[in-house]
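In: Dropping a prediction and its sequence here:
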Amino acid sequence: MDKKKILVADDDPNITRLVSKMLYKDYIVLQADNGKEAIDLARQQNPDLILMDIRMPKVDGYTACSAIRADHVTRATPVLMLTGIGYEPNEKLSQIGASGYLTKPLSLQNLLDVTSEFLPGNK
């Protein structure tokens with residue numbers, strides 16, 4: 001069985017390294033340092049799931065998520081927003097097409113549970 005691809009987009013290299021380390025055994029992990037790079041990688045690699053920070057340079061997570069949703073190649077890809085804020089307006093997340101969100105700091109078990117829940121074919 002082929003490993004599923006997960007795109008992790010965060011401007012904090014410590015977060016991308018941590019999430020990649022948590023997921024690398026079971027998934028192919030792609031990394032983006034900003035929203036523009038996340039959009040480009042999503043279009044090129046067509047990942048099975050995207051974990052994306054909200055606050056990033058060049059293009060923020062809200063705008064990147066909207067662009068990913070607008071693209072015919074990536075519109076069905078689940079996008080989970082990563083945030084250091086313990087609350088986010090659910091209305092704004094649904095408006096941009098986010099599938100949900102995770103708060104930082106991330107726990108391994110929570111990350112694995114949510115990742116498994118949102119990957120196609122795992123429900």
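Out: Sure, I can see it. Just so we're clear, the structure is a prediction, and the values are computed from it rather than from any experiment. Residues are numbered from 1 along each chain as shown.
In: Any stretches of the protein with poor pLDDT?
Out: For the chain, the stretches flagged by pLDDT under 70 are 1, 85-95, 120-123.
In: redo that, cut-off 90
Out: 1-2, 26, 54-55, 81-123 (pLDDT under 90).
In: Strands along that one, start to end?
Out: Along the chain, counting by DSSP state E, strands occupy 4-9, 27-32, 49-53, 79-83, 100-103.
In: For the nearest residue to Lys4 once chain neighbours are set aside, give me its contacts.
Out: Computed as CB to CB, 6 or more residues apart in numbering, the closest residue to Lys4 that is not its neighbour in sequence is Asp48, at 4.1 Å. Heads up, the C-betas are built off the backbone N, CA and C, glycines and all. The contact partners of Asp48, by CB atoms under 8 Å, 6 or more residues apart in numbering, come to Lys4, Lys5, Ile6, Thr77, Pro78, Leu119, Pro120.
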